[in-house]
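In: Provided below are the primary sequence and the corresponding predicted coordinates.
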Amino acid sequence: MNQELEWIASRLAKATRPEEVFGEIKDGSPDSLPALRRIYHSMAKVAHPDVYRIPEEKVLAQTAFSQLVRWFDQAEEKLKSGSYGQPAQVILRVRNREYEIQGSFRADKRFNFYPCCFREDGRTQPAVLRIVRDPRENEISQNEIRVLNLLLNGREASKYSPYIPRPIDEFIYEDGMGSRQAAVFEKYEGWCSLEDVHKAYPRGIDPKDMAWMWRRLLVALGFAHINSVIHGAVLPGNIWIQPEQHGVMLKNWFYAVHHPEVTGEIIPEIDPGFMAWYPQESLNHEIPIFGSDLSMSARCMIHLLGGDAERGTMPDSIPNPLRTFLRGSILPGRRAPQDAWALKHEFDDLLERLWGERRFHPFKMNFPN
């Protein structure tokens, strides 16, 4: 049996899209169609059945050549439409909605994230599909969706819901790995985490920028707390901002608890990179208190200012009243503030004493190379 024919026939039989047959072709260039035809003719010379006399080879070549022609037609059409080399379209049908997966996914230690879109009210809406990587993590994903829906239907939701992610849908995704929890969220453009901010400004941001970030974060926490929800992991990677519009969003409510239902809640996972930031009650897996969220939020701000969040120290360039206020917000246990709204009002008073009437302070993200 001709080995080159066998190799081409195997490649054609395993292919699921023309790109797997003809390889990389620069779509949109004047040479794209001639390049495709050159590859096709090169393979056709080997796969054409008229080349062979041995019956087994001739039969294999007939099958391979018909597949080659079919893949060539599809490749030519994709090059003409500008879609050659683009990820294959995947449609996920769930109940009465279809999600079109667009582009490649990204992964973290817990989830796969897929850009997608769906049709609603005659318009195409962008979204993000999130699927648990390990079915054993289903419970924390379900807990987050439950908490977010509780908040979105809770007190003052019409006013403060922009401070939390909005889930669009949830369902169980069945595949060869088992039943995995999936959720679809609104897609947010132009946002970055406070981890990104710290990487861009490792020596610290302007205190006036820290001020608007913390004020809005305290609003998010105040909204959660009036609905008896404690986030439990207020860390830089879970706090996201929209720099130009001064938006703030608190994400990743996996281990959040609803205070009337704390019995039997999921045991929170402690991020080892921020062990010293957690209040002692969190480390001991005790019933959480509202002050836990507030003290962790203050440590995030100390971190942003270029300080030591564990010890509560900050650069001398930070106004002394501000340093004192932040240190007072990370006191242990119930010595720390317990009321997000009261803390925000006190912080507003401090800002007015320091800088007078509030003015919009533009913030630019300088992403490191």
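Out: Looks like it arrived, so ask away.

In: the strands in this structure, which residues?
Out: 90-94, 97-101, 106-107, 111-120, 123-132, 167-175, 178-186, 192-193, 229-230, 239-242, 247-250, 257-258 (DSSP state E).

In: so what secondary structure elements neighbour the fourth one?
Out: What it means is strand 111-120. strand 97-101, strand 106-107, strand 123-132 (3 or more C-beta pairs under 8 Å, 6 or more residues apart in numbering; DSSP states H and E). Where you see a C-beta, it was placed from the backbone N, CA and C, and this is true even at glycine.

In: hmm, 7 Å instead?
Out: strand 97-101, strand 123-132 (3 or more C-beta pairs under 7 Å, 6 or more residues apart in numbering; DSSP states H and E).

In: Can I get the shortest one as PDB, trimmed to CA atoms?
Out: When you say that, I think you mean strand 97-101. Listed next in PDB are the C-alpha coordinates belonging to strand 97-101 (Å, rounded to 0.1, in the frame of the first residue of the first chain):
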ATOM      1  CA  ARG A  97     -32.500  29.400  24.200                       C
ATOM      2  CA  GLU A  98     -29.500  28.800  21.900                       C
ATOM      3  CA  TYR A  99     -25.900  29.900  22.800                       C
ATOM      4  CA  GLU A 100     -23.400  30.300  20.000                       C
ATOM      5  CA  ILE A 101     -19.900  29.700  21.200                       C
END
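
In: ok so, going back, out of the strands of the chain, which gets nearest to residue 206?
Out: Of all those, strand 239-242 sits nearest to residue 206, with 13.9 Å by C-beta to C-beta.

In: who touches the closest one?
Out: 190-194, 197, 213, 217, 247-251, 300 (C-beta atoms under 7 Å, 6 or more residues apart in numbering).

In: how does it look with 10 Å?
Out: Strand 239-242 has contacts (C-beta atoms under 10 Å, 6 or more residues apart in numbering) with 162, 165, 188-197, 209, 212-214, 216-217, 220, 231, 247-252, 296-297, 300-301, 304, 363, 365.

In: mind listing what residue 334 touches?
Out: 281, 289, 290, 291.

In: Buried only: go through those for me.
Out: Listed as buried from the contacts of residue 334 are 281, 289, 290, 291; burial here means 16 or more other C-beta atoms under 10 Å.

In: For the helices and strands packed on strand 111-120, which has the smallest mean pLDDT value?
Out: Lowest mean pLDDT of these: strand 97-101, a mean of 85.

In: quick one: that one to strand 178-186, angle?
Out: Orientation of strand 97-101 against strand 178-186 (axes from the mean of the first three to the mean of the last three C-alpha atoms, to 10 degrees) gives an angle of 90 degrees.

In: Point me to the residue sitting farthest from the middle of the protein.
Out: residue 53 (57.8 Å; C-alpha atoms, centre = their mean).

In: In JSON lines, list the helices and strands packed on strand 111-120 along with mean neighbour count.
Out: Below are the helices and strands packed on strand 111-120 laid out as JSON lines (neighbours: other C-beta atoms under 10 Å):
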{"stretch": "strand 97-101", "mean neighbour count": "16"}
{"stretch": "strand 123-132", "mean neighbour count": "17"}
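
In: Can you lay out the ones you listed as JSON lines showing distance to residue 4?
Out: Compiled in JSON lines, the helices and strands packed on strand 111-120 are given as follows (distance: least, C-beta to C-beta, whole Å):
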{"stretch": "strand 97-101", "distance to residue 4": "36"}
{"stretch": "strand 123-132", "distance to residue 4": "41"}
